[in-house]
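Colleague: the following block contains a protein sequence and its predicted model.
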Amino acid sequence: ASGTPVVASGLGALDELIEDGVNGLRFVPGDAVGLVSCIEGALRRRKFAEMRSGARACYQQNYTAERNYDILMQIYSAATRPDKPL
């Protein structure tokens, strides 16, 4: 929410949530050298500063209270209409 880019391994849900180079950076799970390289490269290129706006935009588009409310209402609507399966 604050526009902080995330550095995470490309594992599980994190792999889906992070768009590499846009709202954060991904590295191969278990690759400590890759993690260090990823962070050092981003710091050298000042990549984190560029990704701040991408991280904030991702939050605004997908994770605000309003967005979650809309998604929840869609789920409730689908669940209460027996003619349309989830």
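Modeller: Noted; the coordinates are in hand. Numbers count the residues shown, from 1 in each chain.
Colleague: farthest from the middle of the protein: give me that residue.
Modeller: In the chain, the residue that sits farthest from the middle, by Cα atoms, centre = their mean, is D83; the gap is 33.7 Å.
Colleague: so that residue, which of the three states?
Modeller: coil (DSSP: H, G, I helix; E, B strand; the rest coil).
Colleague: now do the helices in the chain.
Modeller: Applying DSSP state H to the chain gives helices spanning 12-17, 32-44, 47-62, 65-79.
Colleague: angle of the last one against helix 47-62?
Modeller: It refers to helix 65-79. Using axes from the mean of the first three to the mean of the last three Cα atoms, to 10 degrees, the direction of helix 65-79 lies 40 degrees away from that of helix 47-62.
Colleague: by contact count, what packs against the helix or strand bottoming out on mean pLDDT in the chain?
Modeller: Counting by mean pLDDT, DSSP states H and E, the chain has its least confident helix or strand at helix 12-17, which shows a mean of 88. When contacts are defined as 3 or more Cβ pairs under 8 Å, 6 or more residues apart in numbering; DSSP states H and E, helix 12-17 sits against strand 6-9. From N, CA and C alone the C-beta is placed, and that goes for glycine too.
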